[in-house]
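Undergrad: Quick one, fold the following:
(chains A and B)
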Amino acid sequence: MIQKKVCILGPTGVGKTSLIKQFVEGIFSEKYKTTIGVKIDKKQVNKEGRGIQLLIWDLEGIDRYCGFNPRYLRGASAYIVVVDQTRSQSLTEGMEILELAKEHYPDIPAFFVINKTDLPTSWHWSEDELDSYSQKFALLTKTSAKTGENVESLFNTIAFW
Amino acid sequence: MTDKVPPSEFTDNSLEKVRELLIGRDDKFVREKLDHDAKGFVSNVVSEALLERESKDGSVNKVLVPLVEKSLNRSIEANSEKIVGTLYPLVGALVRKAVSAFLVEFVERTNALIENSLSPKSISWRFKAWQSGIKYSEYVAAQIYQYQVQQLLVIHRETGTLLHSISADPEKEKDADLISSMLVAINDFVADAFGVSSNEPENELGEIKTEDFTLLIKIGPQALLVAAVTGSIPPEVRGKLQQALEDFHRFYQQPLINYEGDNAAFDGCETILADCLVSEKKEGEGKKSKRLVGAALLLVVLIALCTLSFLRLSLSILKSDLHELSPPPGVVVTDAYISNGKVHAKILRDPAADNIEKWFSDSDIDLSRIIVSEEPFVSLKPSIVERKLEKLIRDYPLSEHETISLDKQNDNKWIVLGDVFASTAINLTQKINNLPGISSLEVDTSPLSIKAEYEIDNAALQKVALTRLVNKVSSQSVLFATNQEALSEVQLAKLEILANDVKQLLSVAKKTNTIVSIVVMGASDNSGSSARNRELSQKRAENVVNSLISLGVESSVLIPVSLGELPLQNPSMGRSVMLNVLISSAL
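TA: Residues are numbered from 1 along each chain as shown, chains lettered A, B, ... in the order given. Predicted coordinates:
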């Protein structure tokens, strides 16, 4: 079976872990994430008789005071930058993270996820602005970790990208 | 030809033309010819030429070394991954060789150290090594190492994905993929956290160790080989792992470089890895039975220890009982100790005190478990002194006519009663006073009535005594003043002695079965009238009799008689009362 490594990045509190919880099976405790900055889960997705095992690296929340270990992205088939549509700041931070990741690994496709669509949009970014930001990514997906909206399809898309 | 000498210009030009025809303009034909075969010409002589030039002035090296260095540098910079990948198996072999040389030296040194150590275990191991015909150090290593390689993971270094895994226990294999990724993440974390700078080689984990579990991580250019090992890992396992990793890289170089998540290419690698799934178990059947024997022995020893401790405990309890018991008066426990499974007691005992056996049986102490060494001593306790006094009185040797008894008045006051002879009384009093500790008691011997020494039983002696007393009483006379019938003080005192004599006489007479009558004869001088003298005599006799009666003499034996005037030469002799004792044997 094909195995793919996928990393999830994003500012603190945007719902990265919740997004994964919707989707995966894991054996490690959340403690690992606070200790070494990453927790790994896996999930098998199937499409047209082909199975792909995703190894999802959930990286600790990144903010301007606490960067991330770019080594964790090494060998990834894709990475996801998650932002929270209820916080304007999260988008700015998400873009900074994207820049940082691209600096080290320019060839890995980046996926843009705007999370918490179950809550009303409360940031000041217009759709045009969002469009211009999403140009830097391979794909934009709006998800809700709470309701599960688009979560499954997001990972399916990444698995067979 | 000789007559016609061409002008020099012509000659020069002709030569030039010929030359041009032969070798071409500017030696073109020669150069073309040389160029055509240049490789051949040079290749024929290049080695010799280089050697000759080098040996001539050493200039070849001067020119070549910087060139080679530069090109090597460029080549490594451009293809570092490739070069590392290519060199890896070679470097591995080189390093292994160097390390094994070091290890051999290390083992030899250790061997020398071990050779010098002496312990019972080392001696037995040395013997067994000699028996098996192997080196002692090898035998020691074999005794020490006990391990099992539980699981082997081959992990793609870049992505952290699991390429292949084999396990001694396939059931435990299910999360190997997650564990692999996590290991790589931890490795990344370590490299990031402890790396000094980006220029230096990365710090990577080679081993993760808990008390009995080790993750051995061998790192290759494209893949990691991780072995989960329990127990103590011998060096050859590390060597095997390194070898397997190098083999893996050699066989799967292309799939590793082109890896895109598909593990199918690595399915056949089990044969490379299987060699590393080794274990060494020390416990065999024999060991088990030895263990059982050992356990049984241990049990026996434990039971024996328990029994001994129990016995010791009971002895200790007995010993402390001995210390805690209050001994009877006159007994002192000076020491108690445990020896040879018995309690030994050192005891001081006054002979008058209760005996030890009685004390022990009264206190429910098992006498058979105690060895008593008894020493006599003198106790001054009042109760013991009382006992000694009682014993003295009880056992005092007395004649038939003597009696003594002891009467306790109150706590400390004792009275000695009875009738004894004076000598007995003196001896007894002395003995009482000699009793140790008697001062704590108040003993009164004064109530002892003293019997006269002559009161004896012997009939002859009694008769003698009777005769002596008869004579004594008969010889007595009581003197009166002229014309006086009353007794003077002096005479009254004399009468007291007389009364005692009479009483003794009567007593002896009683014993000798003799009837006694005492004639008390009153008399007077011849002055005055006869009638008066007769009356005076009578009164004098009666007075004496009455006095004697009042002094305790039985009246029936006294017979007052009036003698009247006695015509004596010395008239004072007549003014008296005389006694005459009459005795006869009773029928």
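Undergrad: Near chain B, which residues of chain A? Just list them.
TA: Listed as neighbours of chain B in chain A under the rule CB under 8 Å from any CB of the partner chain: A:1-5, A:26-28, A:32, A:36-38, A:40-42, A:52-53, A:55, A:57, A:69, A:71-72, A:74-77. Quick note: C-beta positions are derived from backbone N, CA and C, even for glycine.
Undergrad: List buried members of those by neighbour count.
TA: A:2-5, A:26, A:28, A:32, A:36-38, A:40-42, A:52-53, A:55, A:57, A:69, A:71-72, A:74-77 (16 or more other CB atoms under 10 Å in any protein chain shown).
Undergrad: how about B:K510, what does it touch?
TA: Listed by CB atoms under 8 Å, 6 or more residues apart in numbering or on different chains, the contact set of B:K510 is empty.
Undergrad: by contact count, what packs against the host helix or strand of B:K56?
TA: Secondary structure assignment for B:K56, by DSSP states H and E: helix B:28-57. When contacts are defined as 3 or more CB pairs under 8 Å, 6 or more residues apart in numbering or on different chains; DSSP states H and E, helix B:28-57 packs onto helix B:8-23, helix B:59-78.
Undergrad: Which one of those lies nearest to B:V420?
TA: helix B:59-78 (138.4 Å; CB to CB).
Undergrad: Alpha carbons only: can I get the closest one in CSV?
TA: Output of helix B:59-78 as CSV, limited to C-alpha atoms (Å, rounded to 0.1, in the frame of the first residue of the first chain):
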residue,chain,number,x,y,z
SER,B,59,56.3,19.4,-11.3
VAL,B,60,53.6,16.8,-12.3
ASN,B,61,52.2,16.6,-8.8
LYS,B,62,52.4,20.3,-8.4
VAL,B,63,50.1,20.8,-11.4
LEU,B,64,47.8,17.8,-10.8
VAL,B,65,47.1,18.0,-7.1
PRO,B,66,45.2,21.4,-7.1
LEU,B,67,43.4,20.3,-10.2
VAL,B,68,42.2,17.0,-8.8
GLU,B,69,41.3,18.7,-5.5
LYS,B,70,39.2,21.3,-7.2
SER,B,71,37.4,18.8,-9.4
LEU,B,72,36.7,16.5,-6.5
ASN,B,73,35.4,19.3,-4.5
ARG,B,74,33.1,20.4,-7.3
SER,B,75,32.0,16.8,-7.9
ILE,B,76,31.1,16.3,-4.2
GLU,B,77,29.3,19.6,-4.0
ALA,B,78,27.2,18.7,-7.0
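Undergrad: Name the next helix or strand downstream of the helix or strand of chain A with the lowest mean pLDDT, please.
TA: Across the helices and strands of chain A, mean pLDDT, DSSP states H and E gives its lowest value to helix A:31-36, namely a mean of 68. Using DSSP H and E, the next helix or strand after helix A:31-36 towards the C-terminus is strand A:38-47.
Undergrad: mean confidence for the helix or strand that comes right after that next one?
TA: Using DSSP H and E, the helix or strand that follows strand A:38-47 in sequence is strand A:50-59. Strand A:50-59 shows an average pLDDT of 90 in the prediction.
Undergrad: Note down every partner strand of strand A:50-59 and its orientation.
TA: Paired neighbours of strand A:50-59 in the sheet (DSSP bridges): strand A:2-9 (parallel), strand A:38-47 (antiparallel).
Undergrad: give me the low-pLDDT residue ranges for chain A?
TA: Low-confidence segments of chain A (pLDDT under 70): A:25-35, A:64-66.
Undergrad: Please identify which residue in it comes closest to chain B.
TA: In chain A, the residue that lies nearest chain B is A:G75 (3.2 Å; CB to the nearest CB).
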